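# quick one, fold the following:
(2 chains, ligands or ions: 2)
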Number of protein chains: 2
Amino acid sequence: MPALRGPTTYDNEPPRNPLLKVNAKVPFNAETPRSALIDAYVTSVDMFYKRNHGPIPVLDDSDRYFVTVGGLVQRHLAISMDDIRMLPKYTIVATLQCAGNRRTAMSKKRTVKGVGWDIGALGNAVWGGARLSDVLKLAKVPEYTAVTEAGGRHVEFTSVDVCKEENGGPYKASIPLLQATSPEADVLIAYEMNGKVLSRDHGYPLRVVVPGTIGARSVKWLDKIEVNANECQGFFMQKDYKMFPPTVDWDNIKWPSRRPLMDFPVNCAICSLEDVSSAEWGKKVIIRGYAFSGGGRGIERVDVSVDGGKTWVEARRYQKEGVPYVSDTEDCDKWAWVLFELQTEIHPPTDIIVKAVDSAANVQPEKVETIWNLRGVLNNSWHV
Amino acid sequence: MPALRGPTTYDNEPPRNPLLKVNAKVPFNAETPRSALIDAYVTSVDMFYKRNHGPIPVLDDSDRYFVTVGGLVQRHLAISMDDIRMLPKYTIVATLQCAGNRRTAMSKKRTVKGVGWDIGALGNAVWGGARLSDVLKLAKVPEYTAVTEAGGRHVEFTSVDVCKEENGGPYKASIPLLQATSPEADVLIAYEMNGKVLSRDHGYPLRVVVPGTIGARSVKWLDKIEVNANECQGFFMQKDYKMFPPTVDWDNIKWPSRRPLMDFPVNCAICSLEDVSSAEWGKKVIIRGYAFSGGGRGIERVDVSVDGGKTWVEARRYQKEGVPYVSDTEDCDKWAWVLFELQTEIHPPTDIIVKAVDSAANVQPEKVETIWNLRGVLNNSWHV
Ligand SMILES: [Mo]
Ligand SMILES: [Mo]
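Ligands and ions are numbered 1, 2, ... in the order given. Prediction:
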């Protein structure tokens, strides 16, 4: 019997905060309600969104728990929790975001397949652990390796959970070897979230955290790290989490025609003001929310309109209170979301829109129709 | 008298191809006409766009030409052409694009300041030279340095040309030190373009090539490399090449409120079919053009519509003929544009639109109005 195992039934799920908005009970998928999303810059562990594809794994014996490191590397290893803890510890503030965040709004335009998510399928946490680049050095893969001597180009992570989509097999995903071996890409093998031991819902005892990349690549309940010639051929890399043009539907889909999603586009959403429709003429309101982009790109600007896009005002951006946020500088957390706030007077009928610009000057598309896709991923249209 | 000097008059300009579309005679600014833009994957030296801020510098004595490397580094140097040529030589296929590309179309919505450019203020070339990371190693700055012991965080490049905007001083710009010292960022100190000695118009004897970054940071006629604590305070970093919201105009502009542009957003344009208005009903036409994104992000898709956006068809993408382009793989030139082609039947009235998606799923905005800015930079709206 393995030390870490994926149950086939749901009778050993961890306790969850009843304030979470449950989008699916089994597997358990739940998001942070709008109002709680930006209560703090760092999301609490229990209010952080939960995204699962099977029952939560159980660690029966931590002494016998090892992660194997193998594939096209010079030295094969089995590393224990102690081995991981002996590597230099890094703490990274990183936002994880499900590629399906804001799917519900896309679905309203035309039905898409997938769990419905409002705007809360993301959260910001302080992750503590070893760098994957340090782990791979133990397997004799040097830093900044794009391809190993044996031809390895991708690092595949395998979990132990039991996923229907994998016909009962475990969840898996891969990232390019160069990203995995670049220290400044900050890919972690994490054992802590917000300073505490990882909770079962978030991948206990070890999970991968791939900052700036869709959440689906940050594999939880880690069993295996493998360096392979090709990218992972699992369901969630090859038959899911790809973005198709609006013209592609289930009768004409060709999965190999598209690349697995990795990096993601600029996005933002209003989290306050669920009650804006009740606001009075001339009343001062505070509009708050989050903005976030992929690949470590910062947020250059957040524009807010309260008159349906006729006029725009720039919101104040911040990460830590009292520290002005300036993108791409040493003072900012490059992998973390940016919160925004604007105090303004509203004159009903009020039509509030928010859109962000990232540090590569990428902007959000105005209409969800133009980016509609059958899997409902990466909805980053203007948030209204 | 310096070996390389910037004249104050325009009586020693190099010869130019008369087929270039001249947007300003002095300083000489000219672009590639649409029809010639995608004649080849690699743009010829003489048809490559020319972007200048003063008269073209003159090298009087190549034996006395040195580039100084200084600032907050352990060892100060003066390096000759021979020193540069003794470093390992790299050849990189990289597209340079002026941040003002497609400015004319933005100007039509509301006047902007700056040289007018159609869609040809970019070109793709094979650049040969030493890596900046290798040059900086000579000055005792190791690879992957974000900050030197003495506090240097930015690498500033200074030219010798005489720019009105700098009150007669030379053009200058900086990039972050981490980018400069990361070998895979491919920042070059280039002495060759398309296999030949750099031409005077393109920076002879030495220029910087910063792939994936707006052309304004690829300084020509290099005189000085300096590692500084702060980013370059020159005109083109601080009072130009920044993107403001549409609400900012010349009477309320605050230059320090915005960051200098570096990385740029996904863009594409149709280069064939200047005569599409004359096409007949049911006729087969070939629509061709380029697509390009910043930061080394690939092109995931190019969508073409011939009915004003009602229906879309995906175009074929390629770099080298016969090699299918797949973004972010070893076979593609990550810093280079991607050409596209679609053969389709048109039914006038024809309303052709093209838009691209990059590998971070960033899309182009539909309307130029939403990204209008007073300097007319980074117009990446749908191309019609
Ligand atoms: Mo996800
Ligand atoms: Mo430029």
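# could you say which helix or strand holds the residue of chain A found nearest ligand 2?
Of all residues in chain A, A:Ala361 sits closest to ligand 2, at 13.7 Å by C-beta to the ion. Using the backbone N, CA and C atoms, a C-beta is placed for each residue, glycine as well. When elements are assigned from DSSP states H and E, A:Ala361 belongs to no helix and no strand.
# and the one 5 residues further on, by the same measure?
Taking DSSP H and E as the criterion, A:Glu366 maps to no regular element, lying outside all helices and strands.
# so what's it up against?
By C-beta atoms under 8 Å, 6 or more residues apart in numbering or on different chains, the contact set of A:Glu366 is A:355, A:381-382, B:365-367, B:370.
# contact residues of the stretch 151-300 of chain A facing chain B?
When proximity is defined as C-beta under 8 Å from any C-beta of the partner chain, the stretch 151-300 of chain A approaches chain B at A:153, A:176, A:178, A:183-184, A:243, A:245-247, A:258-259, A:261-266, A:294-295, A:297, A:300.
# now A:Arg75, nearest residue through space, not along the chain?
Distance criterion C-beta to C-beta, 6 or more residues apart in numbering or on different chains; nearest residue to A:Arg75, sequence neighbours excluded, is A:Lys140 at 4.6 Å.
# measure how buried the one you found is and give me the count.
Counted with other C-beta atoms under 10 Å in any protein chain shown, residues neighbouring A:Lys140 total 13.
# ok so, going back, of the contacts of A:Glu366, buried ones?
Using 16 or more other C-beta atoms under 10 Å in any protein chain shown as the burial test, the contacts of A:Glu366 include A:355, A:381-382, B:365-366, B:370 as buried.
# pretty sure the residue of chain A closest to ligand 2 contacts B:Asn267?
No - under the criterion of C-beta atoms under 8 Å, A:Ala361 is not in contact with B:Asn267, lying 10.0 Å apart.
# got any residues that touch both of these two?
Listed as contacting both A:Ala361 and B:Asn267 by C-beta under 8 Å, 6+ apart are B:Asn380.
# next, the buried residues of stretch A:178-185.
Result for stretch A:178-185 [16+ other C-beta under 10 Å]: buried residues A:178-182, A:185.
# what's the end-to-end length of that stretch?
Using C-alpha to C-alpha, to the nearest Å, the gap from the first to the last residue of stretch A:178-185 comes to 9 Å.
# interface residues of the stretch 201-350 of chain A facing ligand 1?
Listed as neighbours of ligand 1 in the stretch 201-350 of chain A under the rule C-beta under 5 Å from the ion: A:215-216.
# low-confidence ranges in the stretch 201-350 of chain A?
Counting by pLDDT under 70, the ranges of the stretch 201-350 of chain A that qualify are A:274-280.
# just the helices from it, written as ranges.
Along the stretch 201-350 of chain A, counting by DSSP state H, counting those that start in this stretch, helices occupy A:235-238.
# contacting residues around A:Leu96?
Going by C-beta under 8 Å, 6+ apart, A:Leu96 touches A:122-123, A:125, A:209, A:215, A:218.
# just checking, next helix/strand downstream of the helix or strand it falls within?
With secondary structure defined by DSSP H and E, A:Leu96 is part of strand A:90-97. Per DSSP H and E, strand A:90-97 leads on to helix A:103-109 as the next helix or strand towards the C-terminus.
# list the buried ones in that following helix?
Using 16+ other C-beta under 10 Å, the residues of helix A:103-109 that count as buried are A:103-107, A:109.
# for stretch A:189-206, same thing?
By neighbour count with 16+ other C-beta under 10 Å, stretch A:189-206 contains the buried residues A:189-194, A:198-206.
# contacts for it?
Residues external to stretch A:189-206 that are found in contact with it (C-beta under 8 Å, 6+ apart): A:4, A:14, A:16, A:28, A:42, A:44-46, A:48, A:50, A:52, A:56-59, A:62, A:65, A:67, A:81, A:84-85, A:91, A:125-132, A:135, A:207-209, A:219-222, A:225.
# one step back: do you know how far the residue nearest to A:Arg75 is from ligand 1?
33 Å (C-beta to the ion, to the nearest Å).
# next, the contact list for that residue, please.
Listed by C-beta under 8 Å, 6+ apart, the contact partners of A:Lys140 are A:73-75.
# among those, who's most crowded?
That'd be A:Val73 among the contacts of A:Lys140, by other C-beta under 10 Å, with 23 neighbours.
# tally up the residues packed near the closest residue to A:Asp61 other than its chain neighbours, please.
Counting by C-beta to C-beta, 6+ apart, the nearest residue to A:Asp61 once its immediate chain neighbours are dropped is A:Ala3, at 4.4 Å. Applying the criterion other C-beta under 10 Å, we find 17 residues in the vicinity of A:Ala3.
# which ones are touching the residue lying closest to A:Thr8 once chain neighbours are set aside?
On the basis of C-beta to C-beta, 6+ apart, the spatially nearest residue to A:Thr8 that is not a chain neighbour turns out to be A:Val162, at 5.3 Å. A:Val162 sits next to A:6-8, A:54-55, A:168-170 when contact means C-beta under 8 Å, 6+ apart.
# can you do 6 Å?
Residues in contact with A:Val162, defined by C-beta atoms under 6 Å, 6 or more residues apart in numbering or on different chains, are A:6, A:8, A:54, A:168.
# so which of these are in strands?
With strands taken from DSSP state E, there is no overlap with the contacts of A:Val162.
# quick one: which of the residues you listed is most hemmed in?
A:Gly54 (25 neighbours).
# circling back: between the buried residues of helix A:103-109, which is closest to ligand 1?
Checking the buried residues of helix A:103-109 against ligand 1 with C-beta to the ion, the nearest one is A:Arg103 at 9.8 Å.
# how about the closest one: what's its closest non-neighbour residue?
Leaving out its chain neighbours, the residue that sits closest to A:Arg103 by C-beta to C-beta, 6+ apart is A:Gly376, at 4.0 Å.
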